[in-house]
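Engineer: sequence-free structure coming up:
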């Protein structure tokens with residue numbers, strides 16, 4: 001609808017469609033006091049079909065809250081669609097139709113979570129045809145044999161009453177729209193978005209200091225008589241003297257990093273801390289105390305879990321060596337030193353020392369299903385972390401390992417560790 005004068009014709013067509021599709025009759029009509037609604041045509045139509053009129057009080061749009069709130073919802077979605085796709089504002093109409101299409105196929109709170117389209121058609125809705133607004137699309141071309149087999153377009157919505165897609169032929173002049181069902185989408189590419197994002201290097205992290213201005217050069221045009229002899233002896237020959245007036249140096253500000261770049265600065269600072277590759281190297285770094293505390297914490301977890309026991313080294317037994325892995329983690333704008341003891345599992349022989357080489361982990365599909373159920377039934381979701389969770393399994397093989405470097409038992413230095421619980425390799 002391009003003009004408000006078309007409101008009556010559009011309403012009459014909509015009334016016929018709704019009553020024909022639902023089998024119910026329109027009983028009441030609530031509008032504001034706009035001239036497109038308050039005219040003789042609307043009055044005659046309502047009298048003819050017995051439709052009761054409700055008009056809002058002037059300058060009181062809240063009396064028609066349902067319609068006004070939906071207008072705001074549609075406008076918010078239109079704004080987001082245009083910004084995320086990079087399409088110009090002239091496509092607001094296409095974005096509005098797409099927003100209404102998506103709302104009608106999304107769960108509705110007033111309908112107790114049901115989908116409006118399902119209630120309207122009394123059938124399930126197929127959402128497999130949904131695509132990202134403004135993405136690249138390649139429509140099948142039906143030209144000559146030597147012509148390109150596809151045309152690059154921009155996806156701009158869904159046509160009404162047609163099983164296909166509305167596509168904008170961006171390469172052609174004017175606003176030419178193509179409707180096609182044979183389309184391949186690239187939902188990671190948006191042709192109308194700027195392709196030159198600003199890099200981190202483009203930001204000036206350094207603070208601007210108050211620079212000392214260049215000294216002003218002034219000329220002394222002459223000196224009065226009566227100066228003392230000592231002062232005159234220090235002057236050069238001639239009545240003029242070039243002097244430099246030094247500007248007063250102001251206080252200098254401390255360089256301050258913008259708030260939006262503090263995360264980048266934190267990442268750069270973490271890179272300056274080198275992660276050692278061995279026990280001896282860790283003790284030689286300036287952070288040796290932090291690494292030693294991290295190793296003691298790891299050993300405490302292993303001892304508390306009774307991961308191994310010390311036994312005499314058996315004859316003809318395969319002894320697995322171990323090593324320390326050091327890692328610096330960023331948590332709450334601070335660096336956390338993490339040390340983990342691992343076995344050199346690559347020295348073992350498959351089928352002799354072990355039979356399984358996998359670690360049970362949850363699939364992302366399972367996580368998504370759980371999150372969907374939580375959102376649907378409004379459950380409370382809690383998250384927990386089991387420290388050294390891999391140590392809580394069952395170990396069926398008999399594995400011997402050398403004592404970890406730096407924590408060799410002084411009373412039994414020749415003993416080896418007989419693993420009782422699983423150990424990371």
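Structural biologist: Great, that's in hand. If you're wondering where the values come from, they're calculated on a predicted model, not measured in any experiment.

Engineer: use CA for all of it now, contacts and neighbours both
Structural biologist: Fine.

Engineer: List the contacts of the helix or strand containing residue 21.
Structural biologist: Using DSSP states H and E, residue 21 maps to helix 7-22. When contacts are defined by Cα atoms under 8 Å, 6 or more residues apart in numbering, helix 7-22 is touched by residues 1, 24, 25, 26, 36, 37, 41, 42, 120.

Engineer: Distance to residue 181, neighbour count and secondary structure for those residues - can I get that in JSON lines?
Structural biologist: Compiled in JSON lines, these are given as follows (distance: Cα to Cα, whole Å; neighbours: other Cα atoms under 10 Å; DSSP: H, G, I helix; E, B strand; the rest coil):
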{"residue": "1", "distance to residue 181": "26", "neighbour count": "8", "secondary structure": "coil"}
{"residue": "24", "distance to residue 181": "34", "neighbour count": "9", "secondary structure": "coil"}
{"residue": "25", "distance to residue 181": "36", "neighbour count": "14", "secondary structure": "coil"}
{"residue": "26", "distance to residue 181": "36", "neighbour count": "14", "secondary structure": "coil"}
{"residue": "36", "distance to residue 181": "38", "neighbour count": "17", "secondary structure": "coil"}
{"residue": "37", "distance to residue 181": "39", "neighbour count": "19", "secondary structure": "coil"}
{"residue": "41", "distance to residue 181": "41", "neighbour count": "12", "secondary structure": "helix"}
{"residue": "42", "distance to residue 181": "40", "neighbour count": "18", "secondary structure": "helix"}
{"residue": "120", "distance to residue 181": "24", "neighbour count": "12", "secondary structure": "helix"}
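
Engineer: Give me the lowest-pLDDT entry from those.
Structural biologist: Model confidence across these bottoms out at residue 1, which has 77.

Engineer: max-length helix in this protein?
Structural biologist: Once the chain is assigned using DSSP state H, the helix that runs over the most residues is helix 65-85.

Engineer: Next SSE downstream of that one?
Structural biologist: Scanning forward in sequence from helix 65-85 by DSSP H and E, the next helix or strand is helix 92-103.

Engineer: If you compare the directions of that next one and helix 65-85, what angle comes out?
Structural biologist: 110 degrees (axes from the mean of the first three to the mean of the last three Cα atoms, to 10 degrees).

Engineer: This protein - how does it break down into domains?
Structural biologist: With automatic domain parsing as the criterion, the domains of the chain are listed as 4-121, 136-186, 276-419.

Engineer: Now do the helices in the chain.
Structural biologist: Counting by DSSP H, the chain has helices at residues 7-22, 40-49, 65-85, 92-103, 116-121, 229-233, 262-272, 279-284, 288-304, 364-377.

Engineer: Out of the ones you listed, which is the most enclosed?
Structural biologist: Between the helices of the chain, the one whose residues have the most neighbours on average, counting mean count of other Cα atoms under 10 Å, is helix 92-103 (a mean of 18).

Engineer: for the record, mean pLDDT for it?
Structural biologist: With pLDDT averaged residue by residue, helix 92-103 scores 95.

Engineer: which residues sit against that helix?
Structural biologist: Residues from elsewhere that reach helix 92-103 (Cα under 8 Å, 6+ apart): 74, 75, 77, 78, 81, 82, 133, 156, 157, 158.

Engineer: And the furthest pair within those residues?
Structural biologist: Taking every pair in the contacts of helix 92-103 and measuring Cα to Cα, the maximum separation is 18.1 Å, between 75 and 158.

Engineer: where are the low-confidence patches of the chain?
Structural biologist: Screening the chain residue by residue with the criterion pLDDT under 70, one finds the ranges 195-273, 332-333, 347-360, 387-394, 425.

Engineer: which residue is nearest the centroid of it?
Structural biologist: By Cα atoms, centre = their mean, the mean C-alpha position of the chain lies nearest to residue 84, the distance being 13.1 Å.

Engineer: returning to what we had before: export the helices of the chain as JSON lines, with columns for distance to residue 30.
Structural biologist: Listed next are the helices of the chain as JSON lines, based on distance: least, Cα to Cα, whole Å:
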{"stretch": "helix 7-22", "distance to residue 30": "12"}
{"stretch": "helix 40-49", "distance to residue 30": "12"}
{"stretch": "helix 65-85", "distance to residue 30": "9"}
{"stretch": "helix 92-103", "distance to residue 30": "21"}
{"stretch": "helix 116-121", "distance to residue 30": "21"}
{"stretch": "helix 229-233", "distance to residue 30": "98"}
{"stretch": "helix 262-272", "distance to residue 30": "53"}
{"stretch": "helix 279-284", "distance to residue 30": "76"}
{"stretch": "helix 288-304", "distance to residue 30": "70"}
{"stretch": "helix 364-377", "distance to residue 30": "33"}
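
Engineer: Between those helices, which one is closest to residue 328.
Structural biologist: Using Cα to Cα as the criterion, the shortest distance between residue 328 and the helices of the chain is 7.5 Å, found for helix 262-272.

Engineer: hmm, back to that, among the helices of the chain, which is nearest residue 325?
Structural biologist: Nearest to residue 325 among the helices of the chain is helix 279-284 (8.7 Å), distances taken as Cα to Cα.

Engineer: coming back round to it: so can I have CSV of the contacts of helix 92-103 showing distance to residue 345?
Structural biologist: Converted to CSV, these look like this (distance: Cα to Cα, whole Å):
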residue, distance to residue 345
74, 59
75, 59
77, 54
78, 56
81, 52
82, 54
133, 50
156, 55
157, 55
158, 56
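
Engineer: sorry, back to before: how about the domains of the chain, which one is nearest residue 192?
Structural biologist: domain 4-121 (4.8 Å).

Engineer: how distant is that closest one from the center of its chain?
Structural biologist: Computed by Cα atoms, centre = their mean, to the nearest Å, the separation of domain 4-121 from the middle of its chain amounts to 34 Å.

Engineer: And for stretch 372-391?
Structural biologist: Going by Cα atoms, centre = their mean, the spacing between the C-alpha centre of stretch 372-391 and its chain's C-alpha centre is 21 Å.

Engineer: No further queries at this time; thank you.
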